[in-house]
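*Asks:* Predicted structure and sequence below. I'll ask about it afterward.
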Amino acid sequence: MKIKIIGLFVLLFTIISCKKNKEYPKYVELQSGGGEYSLYIKNGTFEFLKTKLISYDQILTAPFSEGKYEISGDELTLKSDKGKKYTFKIGNEAELIPAKMDSLKDLKGLFPIQILHNNKMPKEMGRLDSLGRKNALWLYFNEKGKVINQRLYKNGELLKDHYKSDIIVK
């Protein structure tokens, strides 16, 4: 009986200790569905940018917050140098869903448009629609920058994996 209890205890301890924080890319560029905000995360630091459409051919992008970030489980916390704090839940497809925002009220979510490997080579890139869903062709790269897969999306739904197109990335 004692052996069974000890065995169960060891199994439970093993499962708990193997629980790992959700992986999130070290280098990522994200944008809001409407294109008003961009977030760049690199090497433990972040830079938040706000984009304004001035006229049909002029766009103004200005940084409004920067600092350090931490990842704990499925939460990403940005701590700005000016004391502001932004907390996101990490959703599917590396989407960031706002949880607690010190100064942002109109941010619906941030979606990756380019994710880089640790060596800063592209890992995946593609287009998003105004709702932040993957659309059109997404390219996936190995660590040397060679395209290893192409996927075709429509309104966030995968239409074709290993899609063949004539796009050449150099």
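*Replies:* It's in. Residues are numbered from 1 along each chain as shown.
*Asks:* any idea which element residue 114 lies in?
*Replies:* Assigned by DSSP states H and E, residue 114 belongs to strand 110-116.
*Asks:* helices or strands up against that strand?
*Replies:* Packing partners of strand 110-116 (3 or more CB pairs under 8 Å, 6 or more residues apart in numbering; DSSP states H and E): strand 27-32, strand 122-128. Heads up, the C-betas are built off the backbone N, CA and C, glycines and all.
*Asks:* Tell me the buried residues in stretch 110-119?
*Replies:* Buried residues in stretch 110-119, counted by 16 or more other CB atoms under 10 Å: 110-117.
*Asks:* Kindly state the beta-bridge partners for the residue nearest to residue 86 when sequence neighbours are not counted.
*Replies:* The spatial neighbour of residue 86 that comes closest, neighbours along the chain excluded (CB to CB, 6 or more residues apart in numbering), is residue 78 at 4.2 Å. Beta-bridge pairing for residue 78 (DSSP bridges): residue 69, residue 86.
*Asks:* Can you pull out the low-pLDDT segments for the chain?
*Replies:* Across the chain, the ranges flagged by pLDDT under 70 are 1-35, 53-59, 92-94, 105-106, 108-109, 130-132, 165-170.
*Asks:* what angle separates the strand holding residue 114 from strand 122-128?
*Replies:* Angle of strand 110-116 versus strand 122-128, following axes from the mean of the first three to the mean of the last three CA atoms, to 10 degrees, is 150 degrees.
*Asks:* Need the CA coordinates for strand 110-116. PDB is fine.
*Replies:* Extracted C-alpha coordinates of strand 110-116, given in PDB (Å, rounded to 0.1, in the frame of the first residue of the first chain):
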ATOM      1  CA  LEU A 110      -2.300  42.000 -31.300                       C
ATOM      2  CA  PHE A 111      -1.600  39.500 -33.900                       C
ATOM      3  CA  PRO A 112       1.800  38.300 -35.300                       C
ATOM      4  CA  ILE A 113       2.700  39.400 -38.800                       C
ATOM      5  CA  GLN A 114       6.400  38.200 -38.500                       C
ATOM      6  CA  ILE A 115       8.000  35.900 -36.100                       C
ATOM      7  CA  LEU A 116      11.800  35.500 -36.100                       C
END
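*Asks:* Before I go, just wanted to say thanks for your time.
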